[in-house]
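In: Turn this into a model:
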Amino acid sequence: MSNALSSYYQSITERVIALTKEVATYINKESLNFSLDKVETKSKNDFVSYVDQEAEKLLVKALREIVPEAGFITEEGTALSHGEDFQWVIDPLDGTTNFIHGSTPYAISVALTYKDEPVVGVIHEITRGETFYAWKGSKSYLDGQEILVSKVDKLSDALIVFGRPHHYMDRYPELLASVDYFMKNTHGLRLSGSAAVDLAYVACGRYDGRYEFNLKPWDIAAGVLIIQNAGGFVCDFQGGNNHFKNGSVLAANAGIFEELKEKVGEIFGS
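Out: This next block holds a predicted model:
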């Protein structure tokens, strides 16, 4: 990749970082007086509020100025894709259930893809004020400091995080089986409620691996790039690269990736 293209993606990343911090200020302000009666239910366990919707509008308006030729893949449908090569992939508030209950974490996740490949990824975890980011050809960073995945090399020594998707009942037996296995055979199993934050934490070594199914591109696009540029690996539950299409995602450091992939494939069917 040319230096000019790398510099272009870096400049976009820097503008997106500034934007996510601005939108986080809005979300933080709204969190002070937020109540559950302001929540709408899209489907079982899938919630949205005016905060998600307004945050997405703020993001879309500013991102149109950063890359005018880009389309949009957005959780709340504020803007659409029309087959453009560049696509903004946006989750304005990943971890909405945490947000509406006054819990943590929750984050803004923004990725720019080119022909379905992430080339810019920014995750701003709002409650801690931390920004994780990378662009194509770069290292991965947390607030200006390079980050790397952990060096744990055995699943039995790993701290694993998983997700329970909104629509989980179709694979509920496998989900329970995975919880049972990883509870018994690792250092611990966590469930945070934010896929974007979890992926960022794998990238900086706070978690060693993560898995979930029935995800959407906006849940993972930024995190995939940040993990890969931090030395980690990402695949779907079949070990392939169709995570944006089939929604199953497994991410881990280099040391446990193969072992975790084998076990998840065994449980969920590879």
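
In: what about the longest helix in the protein?
Out: Longest helix in the chain by number of residues, with DSSP state H as the criterion: helix 3-31.

In: Next, name the residue at the spatial heart of this structure.
Out: With distances taken as CA atoms, centre = their mean, Ala196 lies nearest the centre of the chain, 2.4 Å away.

In: domains in this structure, as residue ranges please.
Out: 3-147, 155-268 (automatic domain parsing).

In: which stretch in the ones you listed has the least confidence?
Out: With a mean of 91, domain 3-147 has the lowest mean pLDDT of the domains of the chain.

In: Can you give me the first-to-last residue distance of that one?
Out: 22 Å (CA to CA, to the nearest Å).

In: do stretch 136-146 as well
Out: End-to-end for stretch 136-146, by CA to CA: 15 Å.

In: For Asn98, grab the count of nearby residues.
Out: 19 (other CB atoms under 10 Å). For every residue, glycine as well, the C-beta is placed using N, CA and C.

In: In the stretch 151-270 of the chain, mark out all the helices, start to finish.
Out: 172-185, 195-203, 217-229, 243-246, 257-268 (DSSP state H, counting those that start in this stretch).

In: Any chance of those in CSV with distance to Ala55 as columns?
Out: Converted to CSV, the helices of the stretch 151-270 of the chain look like this (distance: least, CB to CB, whole Å):
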stretch, distance to Ala55
helix 172-185, 30
helix 195-203, 14
helix 217-229, 13
helix 243-246, 23
helix 257-268, 32
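
In: and of those helices, who's closest to Val110?
Out: Nearest of the helices of the stretch 151-270 of the chain to Val110, taken as CB to CB: helix 217-229 at 6.1 Å.

In: Taking helix 3-31 as reference, get the angle to the closest one.
Out: Interaxial angle, helix 217-229 versus helix 3-31 (axes from the mean of the first three to the mean of the last three CA atoms, to 10 degrees): 130 degrees.
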